[in-house]
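Asker: Quick one: sequence plus predicted model below, questions after.
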Amino acid sequence: AQKVTQAQTEISVVEKEDVTLDCVYETRDTTYYLFWYKQPPSGELVFLIRRNSFDEQNEISGRYSWNFQKSTSSFNFTITASQVVDSAVYFCALSEAEGSTLGRLYFGRGTQLTVWP
Amino acid sequence: EAQVTQNPRYLITVTGKKLTVTCSQNMNHEYMSWYRQDPGLGLRQIYYSMNVEVTDKGDVPEGYKVSRKEKRNFPLILESPSPNQTSLYFCASSLRHEYEQYFGPGTRLTVT
């Protein structure tokens, strides 16, 4: 079973629409870390956010916001008023901090977001 | 400039010919890791290193070797490459495993 599931393979929106990228994770650890990364068409991987398992406070950074809910094991990412430059593949990732998997990093398969002008 | 460098960026080779992809970071990071990216599969961890002389297997270690003799370097070795190792490879480093990773630019490997 996948540790990180991004059920949406591809999403297309028109500029200025809001869009939410879903991420569901699976872990038995009490301590863990969640991340989002962006991979634009140029190919590099860019860090967006990190959240530890003890901090469920939602975060907003400009047009980006993240909703972390331990009860549903989800860490969803919303882009408000999307722009063409937001077009990229977005990856959610989980790092476990206990036991034999300490240090392992699990990525979801990614969501390709296309924003049309 | 803080960065992770990988070399080569592109490599076409033949089955069975040993190769090494180098990875170096200048941020004094403890944690380093290798990933491969394949269409529809996302990024999968090959090997990781929590510190010098400490390496562990990730999800897909078969056919790969690594070593961490120095803090800054983490080379990926393919002793006998096969076509199913054709992929895009990323090296990454972070202060410690629980922090955000800084990725190299990627190495596009084709094994014929």
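Answerer: Noted; the coordinates are in hand.
Asker: Could you report the pLDDT at A:T101?
Answerer: pLDDT, A:T101: 81.
Asker: For it, grab the count of nearby residues.
Answerer: A count of nearby residues for A:T101, using other Cβ atoms under 10 Å in any protein chain shown, gives 18. From N, CA and C alone the C-beta is placed, and that goes for glycine too.
Asker: measure it to B:L109 for me?
Answerer: Taking Cβ to Cβ, to the nearest Å as the measure, A:T101 falls 27 Å from B:L109.
Asker: low pLDDT regions in chain B?
Answerer: For chain B, no stretch has pLDDT under 70.
Asker: In the lengthiest strand in it, which residues are buried?
Answerer: When chain B is parsed with DSSP state E, its longest strand is strand B:42-51. For strand B:42-51, burial by neighbour count (16 or more other Cβ atoms under 10 Å in any protein chain shown) applies to B:42-50.
Asker: got it, and stretch B:3-10?
Answerer: Of all the residues in stretch B:3-10, those buried under the rule 16+ other Cβ under 10 Å are B:4, B:6.
Asker: Test my guess that B:E53 contacts B:E70.
Answerer: No: the pair B:E53 / B:E70 is not scored as a contact, 9.7 Å apart, by Cβ atoms under 8 Å.
Asker: Look up the closest residue to A:V13, ignoring the ones flanking it.
Answerer: Leaving aside its chain neighbours, A:V13 sits nearest to A:V19 (4.9 Å; criterion: Cβ to Cβ, 6 or more residues apart in numbering or on different chains).
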